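Q: pasting the sequence and the predicted model now:
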Amino acid sequence: MGKIVLVTGGARSGKSRFAESYAAKHGKHVAYIATAQVYDEEMAYRVKLHQRRRPKEWQTFEAPFHAERTLEEAGREHDMILFDCLTLYISNLICAMPTLEDFDRNYQVVREQVELLIAQARKNQGTSVFVTNEVGAGIVPENHLSREYRDLAGISNQLMARAAEEVYLVACGLPVNIKKLAEVV
């Protein structure tokens with residue numbers, strides 16, 4: 001049964017760098033699953049930063065949609081999978097939804113997609129490290145799309161954290177294993 005690790009934090013907290021270090025330390029054959037879609041120069045720059053940091057021997061997979069299939073494919077030959085990132089994946093799903101007005105349906109779609117990722121990560125033999133953003137710690141967004149994204153990302157993070165054996169919160173580049181500290185109810 002595969003191991004699940006979740007790494008969360010705010011923007012530029014150092015979460016991806018920590019996840020990359022974790023994968024390099026604990027994995028022999030590492031796969032990197034990228035979920036970003038490049039729509040502008042800022043995103044292209046962020047992607048380049050991530051690409052430069054990755055070791056050349058890591059195999060990269062692109063998975064903006066149906067990432068459970070890519071997770072399965074990567075799991076066949078790799079003992080460590082770095083999935084960066086869950087919140088971008090959720091964003092892709094939200095942008096593909098026919099409407100944002102049906103929260104119950106949208107919640108169900110996102111929940112099913114995250115459960116597919118969890119199920120596949122457990123089927124794989126190695127470790128899957130999921131990077132995600134902690135987006136709910138700020139003020140309540142003023143528009144519906146932003147609130148929907150915040151809520152669905154928060155729900156996704158909770159589902160993944162429950163399934164994970166280790167959950168790290170990264171702030172100021174410092175990781176803390178919060179699953180160890182958590183009072184599980």
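A: Yep, it's here.

Q: going forward, measure contacts and count neighbours with C-alpha atoms only.
A: Fine.

Q: next, the residue nearest the centre of the chain: phi, psi?
A: Closest residue to the average C-alpha location of the chain: residue 86 at 2.6 Å, with C-alpha atoms, centre = their mean. For residue 86, the backbone dihedrals (degrees, to the nearest 10) come out as phi -60, psi -40.

Q: quick one: it and residue 65, what's the gap?
A: With distances taken as C-alpha to C-alpha, to the nearest Å, residue 86 is found 11 Å from residue 65.

Q: so what sits against both of the two?
A: residue 35 (C-alpha atoms under 8 Å, 6 or more residues apart in numbering).

Q: tell me the buried residues in stretch 46-57?
A: By 16 or more other C-alpha atoms under 10 Å, the buried positions in stretch 46-57 come out as residue 54.

Q: alpha carbons of the helix-or-strand element of the chain with minimal mean pLDDT, as PDB, please.
A: Across the helices and strands of the chain, mean confidence by mean pLDDT, DSSP states H and E is lowest for helix 41-53: a mean of 82. Presented in PDB, the C-alpha positions along helix 41-53 are these (Å, rounded to 0.1, in the frame of the first residue of the first chain):
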ATOM      1  CA  GLU A  41       4.100  35.100 -18.400                       C
ATOM      2  CA  GLU A  42       3.900  35.000 -14.600                       C
ATOM      3  CA  MET A  43       2.900  31.300 -14.700                       C
ATOM      4  CA  ALA A  44       5.600  30.600 -17.300                       C
ATOM      5  CA  TYR A  45       8.200  32.100 -14.900                       C
ATOM      6  CA  ARG A  46       7.000  30.000 -12.000                       C
ATOM      7  CA  VAL A  47       7.100  26.800 -14.100                       C
ATOM      8  CA  LYS A  48      10.700  27.700 -15.100                       C
ATOM      9  CA  LEU A  49      11.700  28.100 -11.500                       C
ATOM     10  CA  HIS A  50      10.400  24.700 -10.600                       C
ATOM     11  CA  GLN A  51      12.000  23.100 -13.700                       C
ATOM     12  CA  ARG A  52      15.400  24.500 -12.900                       C
ATOM     13  CA  ARG A  53      15.300  23.100  -9.300                       C
END
